[in-house]
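In: Sequence below, structure please.
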Amino acid sequence: MHFQTPLVPAVLIRRYKRFLADARLADGTEITAHCANPGSMMGLADPGSRIWLEPNDDPKKKLKYGWRLVDHENGHFTGVDTSVPNRALKAALLARAIPELSDYPLLRPEVKYGTNSRIDFLLSGEGKPDLYIEVKSVTLSRRPGLAEFPDSVTARGAKHLAELQAMVAQGHRAMMLYLVQRTDAAAVTLAADIDPTYAAAFDAAHTAGVEVLAYGCRITPAQIEIGAPLAFHR
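Out: Numbering: from 1, shown residues only. Model prediction:
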């Protein structure tokens, strides 16, 4: 998935009100960017961090920049836009680029299910049980090489796990797919200390048959693509 507009480097001044970030461009201009991330962004929003912004000239948008990447300045990047994983994953699914999911010919995004919920992707095929896939963007890392989810308490995430578990009980397949938007992670785990309720909901769902898959991303200031599968540890 290529960014629609070439990204520009900047230095983060502060992130506030969850969806806003002030930054300083290379020419010294200070701007406010949209931050498409409702999480805590733990370890990613330190003032002075080098970041990458996507400019836009859309008259319908109040803010003319969107914060897309954190540049760790060691060759690694983290993608902070939580809408990216679904777009990147959709492209990969349509290209049959994920071997574990390549035998499903039909793909439908945002299908209503559960209690006032929409599944990220519903895969189907003749003679196969429907496969409900919930996607989570993973950006937290507190130990080298290890990504963690979630980075803050997520009651919505626990609700999704219960709904996936209900789909399994009805005879369908259901899967949690953790997409790690970090290039420095080799494995994924749960941040049970941050949200023990989510961890308990995960354990119950997994025991009931909800499958787990984790993938990394290839990230540059030009594009974000689905990368290699990652180990999931619990």
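
In: What is the least confident helix or strand in this protein?
Out: helix 84-94 (a mean of 92; mean pLDDT, DSSP states H and E).

In: Who are the packing partners of it?
Out: Using 3 or more CB pairs under 8 Å, 6 or more residues apart in numbering; DSSP states H and E as the contact test, the elements touching helix 84-94 are strand 106-113, strand 117-124, strand 131-138, strand 173-180, strand 224-229. Glycine gets a C-beta too; all of them are placed from N, C-alpha and C.

In: rerun that using 10 Å as the cut-off
Out: On a contact count with 3 or more CB pairs under 10 Å, 6 or more residues apart in numbering; DSSP states H and E, helix 84-94 meets strand 106-113, strand 117-124, strand 131-138, strand 173-180, strand 211-219, strand 224-229.

In: Export those as CSV, with columns for mean pLDDT and distance to Leu69.
Out: As requested, the helices and strands packed on helix 84-94 are exported to CSV (pLDDT from 0 to 100; distance: least, CB to CB, whole Å):
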stretch, mean pLDDT, distance to Leu69
strand 106-113, 95, 24
strand 117-124, 96, 22
strand 131-138, 97, 13
strand 173-180, 98, 14
strand 211-219, 97, 7
strand 224-229, 95, 8
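
In: per-domain residue ranges of the protein.
Out: The record's domain parsing of the chain by automatic domain parsing lists 8-77, 84-232.

In: how near is Asp27 to Pro9?
Out: From Asp27 over to Pro9 the distance is 11 Å, taken as CB to CB, to the nearest Å.

In: Spatially central residue in the chain, please.
Out: The residue lying closest to the centre of the chain (CA atoms, centre = their mean) is Ser137, at 1.7 Å.

In: Does it touch Asp81 like I think?
Out: Yes - using CB atoms under 10 Å, Ser137 is in contact with Asp81, at 8.3 Å.

In: residues shared between the contacts of the two?
Out: Asn37, Gln181 (CB atoms under 10 Å, 6 or more residues apart in numbering).

In: In this structure, spot the helix with the most residues.
Out: Counting residues, the longest helix found in the chain (DSSP state H) is helix 155-169.
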